[in-house]
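Trainee: can't give you the sequence, but here's the structure:
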């Protein structure tokens, strides 16, 4: 049997790459220099490459907490690379990479209890409930990306707002985007995440009603936390567009929404016992 070189790629490969990239980004803030940036970006690219190869070979299912965290970390790693290049003068990676590293670490901690099935062949994957299960999972994953972006921009917003309030000299602190830019990014993240989350919940409700109608499934932690996340986003939209709530409070709600998202991701999926496929 031919052994694929991708079998040698583990969480440690891309996890350590992200960790070293973060260390170099911190070093760049202390000792400004192009070499730190090039090294950090090179490690970040290597991490994303290994992360992508790992997902392509192992095909983790989003139905398992381990898989959903790993896939979310991968999308955010791409977001990190884009932001690092696009916002070259800002400390973008210093905020995004810790989240990516944390999600990868949490995924590794849960991997011991995950038992992903073998990759699904295309004809089966595209038929019946399984297809709609993939649609459901994809919508929620994309919504999770929006929630995560909202969380990151909210953290940056709260830090930047405190600096402005205390009249901190921008030259003496970590460079960040303006409050206006951060608020715009947060608003767009919420506006995109809410319809995706709504559609994902609707598809999931239909699947749960037709194929998994047990009462205990409707009251599982996964379902309740996801529904709670939808309510929080509905409140966020109301506060943003129907009231004059300060931006700091909206940012705090976005941070709370991310905490609820983590609960939803870590909880076992009611569609499959134990969160496995």
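Mentor: Alright, I've got the coordinates. This one's a predicted model, so the numbers in the text were calculated from it and none came from an experiment. Residues are numbered from 1 along each chain as shown.

Trainee: Quick one: distance of stretch 94-110 to the chain centre.
Mentor: Offset of stretch 94-110 from its chain centre (CA atoms, centre = their mean, to the nearest Å): 9 Å.

Trainee: Can you tell me what sits against it?
Mentor: With CB atoms under 8 Å, 6 or more residues apart in numbering as the test, stretch 94-110 has contacts from 11, 14-15, 18-19, 21-22, 25-26, 29, 44, 51, 64-67, 69-70, 72-73, 76-77, 79-80, 83, 148, 151-152, 155-156, 174, 266. For glycine as for every other residue, the C-beta is placed from the backbone atoms N, C-alpha and C.

Trainee: can we see that at 7 Å?
Mentor: Residues from elsewhere that reach stretch 94-110 (CB atoms under 7 Å, 6 or more residues apart in numbering): 11, 14-15, 18-19, 21-22, 25-26, 65-66, 69-70, 72-73, 76-77, 79-80, 83, 148, 152, 155-156, 174.

Trainee: Quick one: the helices in the stretch 151-277 of the chain, in order.
Mentor: Shown for the stretch 151-277 of the chain, the helices assigned by DSSP state H, counting those that start in this stretch span residues 179-211, 215-218, 221-242, 247-266.

Trainee: Going by mean pLDDT, which of those helices comes out lowest?
Mentor: Here the lowest mean pLDDT among the helices of the stretch 151-277 of the chain goes to helix 215-218, at a mean of 58.

Trainee: distance of residue 228 from residue 172?
Mentor: Residue 228 sits 41 Å away from residue 172, going by CB to CB, to the nearest Å.

Trainee: More neighbours: which of these two?
Mentor: Between residue 228 and residue 172, counted using other CB atoms under 10 Å, residue 228 has the larger neighbour count: 15 against 7.

Trainee: Relative to residue 80, how far out is the nearest residue to residue 178 once chain neighbours are set aside?
Mentor: Once flanking residues are discounted, residue 178 sits nearest to residue 160: 7.4 Å by CB to CB, 6 or more residues apart in numbering. In this view, residue 160 and residue 80 are 19 Å apart by CB to CB.
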